[in-house]
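Build the 3D model from these lines:
(one chain, ligands or ions: 1)
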Amino acid sequence: MENERNAGSLHDKHRHLFKRYIAQASEYPPFTLDAARAEGVYLWDTDGKRYIDFISSICVNNIGHRHPAVMRALEAQMQRYLHVMVYGEFIQQPQLDLAEALCAVLPPQLQKVFFLNSGSEAIEGAIKLARLKNHRSEIISFAHSYHGSTTGAMSLLGEEAIRSVFKPLLPEHRQLPYNDLAALSQITDKTCCVVAEVIQSGGGVVEGTDAFLQALRRRCDETGALLIYDEIQTGFGRSGQWFAFEKSGAVPDVLCMAKGMGGGMPIGAFVASEELMELLNNEHPLLGHASTFGGHPLSCVAALASLQVIASDGVLPQVRAKEQRIREHIAQIPAVEELRGRGLFLGAKMKDAATAQQVVEHCLQNGLIVFWPLFNKEVVDFTPPLTITNDEIDEAMAIFRRSVEEVCA
Ligand code: PMP
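Coordinates of the predicted model:
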């Protein structure tokens, strides 16, 4: 084995170790892109090849890789402390500053934050909060949705063939078609909560219509079911607004976030009203919810720095203009049947899954990282950093066009 390890390039050695030690959980052969360093929209592999990261590591690096403001905040916090006791006993200024800044961009109904490490954990916390609110058991989610890989979040998965492998999951789960107003009558006074993405990601970048999201809000009000939005991909400026729900004006009872929140560091949260969050404290004998590393100070300072960059550098107002620029490029590529989504949360629909797969592979060879939505392989996702420049968009689109031409020639 030692001989094998020492054979070939650094990439060869890494590939060997990767296959030998790192568990894989996807049917797709790994890209094995061997990341060496990253800066802004660019990523380099161990062979020195440069790629444009046009998916922001799946909606994580919303202000690019290693943004200087994030790096400065991390370095300063490293001089102070890393982890200290949680469970409410210790006050940590990084959490206070972040929660205050976050609530300043959220509506008055969403003003109390529970920090965690990931999106799945945020969904788990939100479900528990809903249980404490109405003590009902039925949970509703939508076809083609993805809310995470923990057992509870997995129970909501909108693809029966995938979720059923892990049964038994959370009981009394019901799945409704997305964007179907008539189906909302199935939300009743037996429903504990409804979990929805405002723009479905795994389903192939499908926007919830304003009419659907508003009717969903009304139905939850009528029945007393809690409305939980999963903005784990769409949050933090992706849609051109802080959160995609702002467009319809229908505010959820609980908002789940992660990914783009942390400027590249792991963090997630669910946010609700003070009244709802009080239930975590009052409605149980000991511990409503807890996370040892949730709201880690390094993640919180990085998240605050990222939030401030999105807030201050004219980033948000430029998102729709950048979308427009991408749309103009795509209009020149007839093989793209439709460009779905809004802001910098876009999906290029190709003829079929085989074409999309080849396009993704050719893009990678040509130095552009794009990817497929989890369940809809006819679509190629574009979710570049919000801070991408026009020149970088043009560069990425030239590579995309060339790759499509190679595949569809
Ligand atoms: N919800 C959505 C919409 C997601 O895209 C993801 C992650 N891909 C999650 C939830 C789960 O987040 P995490 O992987 O951080 O647990």
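
near the ligand, which residues of the stretch 201-350 of the chain?
Within the stretch 201-350 of the chain, the positions lying close to the ligand (CB under 6 Å from any ligand atom) are Ser201, Asp230, Ile232, Gln233, Ala258, Gly268. To be clear about C-beta, it is placed using only N, CA and C from the backbone, and glycine gets the same treatment.

Gly295 in helix, strand or coil?
Secondary structure assignment for Gly295 (DSSP: H, G, I helix; E, B strand; the rest coil): coil.

mind checking the backbone torsions on it?
The phi and psi values for Gly295, taken as degrees, to the nearest 10, are phi 70, psi 40.

ok, now Phe345?
phi -130, psi 80.

any idea which element Glu395 lies in?
helix 390-408 (DSSP states H and E).

What's the mean pLDDT across that helix?
What helix 390-408 shows for mean pLDDT is 98.

Give me the buried stretch members for that helix, please.
Glu392, Ile393, Glu395, Ala396, Met397, Ile399, Phe400, Arg401, Ser403, Val404, Val407 (16 or more other CB atoms under 10 Å).

and the last one, what does it touch?
With contacts taken as CB atoms under 8 Å, 6 or more residues apart in numbering, Val407 has the following neighbours: Ala335, Thr355, Gln358, Val359, His362.

just the third one next, same as before
Glu395 makes contact with Ile52, according to CB under 8 Å, 6+ apart.

For the closest residue in space to Asp189 that isn't next to it in sequence, give its distance to the ligand.
Closest residue in space to Asp189, ignoring its immediate chain neighbours: Thr223 at 5.0 Å, by CB to CB, 6 or more residues apart in numbering. Relative to the ligand, Thr223 is positioned 24 Å away (CB to the nearest ligand atom, to the nearest Å).

same thing with Ile162?
14 Å.

one step back: tell me the one of the buried residues of helix 390-408 nearest Gln109?
Distance to Gln109 across these (CB to CB) is lowest for Ile393, with 35.6 Å.

Where does pLDDT dip in the chain?
Across the chain, the ranges flagged by pLDDT under 70 are 1-7, 28-30, 87-88.

go with 80
Across the chain, the ranges flagged by pLDDT under 80 are 1-7, 26-31, 86-89, 284-286, 313.

residue nearest the centroid of it?
For the chain, Gln233 is the residue whose C-alpha lies nearest the centre (CA atoms, centre = their mean; 2.4 Å).

wait, isn't it in contact with Cys256?
No: using CB atoms under 8 Å, Gln233 is not in contact with Cys256, being 10.7 Å away.

and the ligand, which of the buried residues of helix 390-408 reach it?
When these are filtered against the ligand using CB under 6 Å from any ligand atom, no residues are retained.

quick revisit: so which of the contacts of Val407 are in helices?
Thr355, Gln358, Val359, His362 (DSSP state H).

Dump those residues into JSON lines; add distance to Tyr42 and neighbour count as well.
Shown next, in JSON lines, are the ones in helices among the contacts of Val407 (distance: CB to CB, whole Å; neighbours: other CB atoms under 10 Å):
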{"residue": "Thr355", "distance to Tyr42": "27", "neighbour count": "17"}
{"residue": "Gln358", "distance to Tyr42": "24", "neighbour count": "16"}
{"residue": "Val359", "distance to Tyr42": "21", "neighbour count": "24"}
{"residue": "His362", "distance to Tyr42": "19", "neighbour count": "19"}
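
closest to the ligand among these?
Closest approach to the ligand among those (CB to the nearest ligand atom): Val359, at 21.3 Å.

Provide a list of residues in contact with the closest one.
Contact analysis of Val359 by CB under 8 Å, 6+ apart lists Met350, Val370, Val380, Phe400, Ser403, Val404, Val407.

Widest-spaced pair of those residues?
Val370 and Val407 (12.6 Å).

Can you read off the backbone torsions of His369?
You called it His, but residue 369 is Ile. Main-chain torsions, Ile369, degrees, to the nearest 10: phi -90, psi 110.

That one: how many residues sit nearby?
21 (other CB atoms under 10 Å).

Which residue does the chain have closest to the ligand?
Minimum separation of the chain from the ligand (CB to the nearest ligand atom) falls at Gly119, amounting to 2.4 Å.

State the phi and psi torsions of that residue.
According to degrees, to the nearest 10, Gly119 has phi -70, psi -50.

Put the alpha carbons of stretch 174-185 into CSV.
The C-alpha coordinates for stretch 174-185 follow below in CSV (Å, rounded to 0.1, in the frame of the first residue of the first chain):
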residue,chain,number,x,y,z
ARG,A,174,-47.9,13.7,4.0
GLN,A,175,-46.6,15.0,0.7
LEU,A,176,-48.4,17.5,-1.5
PRO,A,177,-47.7,18.6,-5.0
TYR,A,178,-45.8,21.9,-5.1
ASN,A,179,-47.5,25.1,-6.6
ASP,A,180,-50.9,23.3,-6.5
LEU,A,181,-53.4,25.6,-4.8
ALA,A,182,-56.2,23.0,-4.7
ALA,A,183,-54.0,20.5,-2.7
LEU,A,184,-53.6,23.0,0.1
SER,A,185,-57.1,22.0,1.4
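
ok so, going back, could you identify which of the residues of the stretch 201-350 of the chain next to the ligand has the most neighbours?
Most surrounded of these: other CB under 10 Å gives Asp230, at 31 neighbours.

What's opposite it in the beta bridge?
Listed beta-bridge partners, Asp230: Glu197, Cys256 (assigned using DSSP bridges).

can you tell me which residues contact it?
Asp230 is in contact with Gly119, Ile123, Ser145, His147, Val195, Ala196, Glu197, Val198, Cys256, counting by CB under 8 Å, 6+ apart.

Could you do Gln318 as well?
Going by CB under 8 Å, 6+ apart, Gln318 touches Leu386.

Then it would be within a helix, right?
Yes: Gln318 sits within a helix when classified using three-state DSSP.

Tell me how far Ile63 lies from His362.
Here the criterion is CB to CB, to the nearest Å. By it, Ile63 lies 28 Å from His362.
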